[in-house]
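Undergrad: make a model of this:
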Amino acid sequence: MTVLPILERELRVALRKHQPVRRRLRFAAACAGGTLLFILLSGLIGSGTASHDLHQLLCLVGLYIVGRAPQLTAGIFAQERREQTLGLLSVKLLNRSVRQRRQRREIRDTKSCG
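TA: Residues are numbered from 1 along each chain as shown. Modelled structure (predicted):
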């Protein structure tokens, strides 16, 4: 799977700046705690639709994340354009795809000869 160079660079910078493992553990713990709290509160209230309500809530959160993605991506492209490195990333992507095609062709040729 080919990852866009912009995303690859942003992920590397994020991994250097932040502590992703600790952050993911905190986020997972908060999600698990929120889910348990949601289920316990719905059990106390006597609502039998706790799983349905939780599913709707998680769908709304997913839609929010999907809605935010274009904004974040546009910000990344704008930053690359300001720094005038967008062209370099495009060239890197083209070089990578040419290299991958060449490798596939070599593999196909060795299989057909053998």
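
Undergrad: and Phe27, how many neighbours does it have?
TA: Other residues near Phe27 come to 10 when the count uses other Cβ atoms under 10 Å. All C-beta spots, glycine's among them, are computed from the backbone N, C-alpha and C.

Undergrad: what residues of the helix or strand containing it count as buried?
TA: Element membership for Phe27, per DSSP states H and E: helix 20-45. In terms of neighbour count (16 or more other Cβ atoms under 10 Å), helix 20-45 has its buried residues at Ser42.

Undergrad: how far is that helix from where the chain is centred?
TA: On the basis of Cα atoms, centre = their mean, to the nearest Å, helix 20-45 sits 21 Å off its chain's mean C-alpha point.

Undergrad: elements contacting that helix?
TA: Counting contacts by 3 or more Cβ pairs under 8 Å, 6 or more residues apart in numbering; DSSP states H and E, helix 20-45 packs against helix 50-82.
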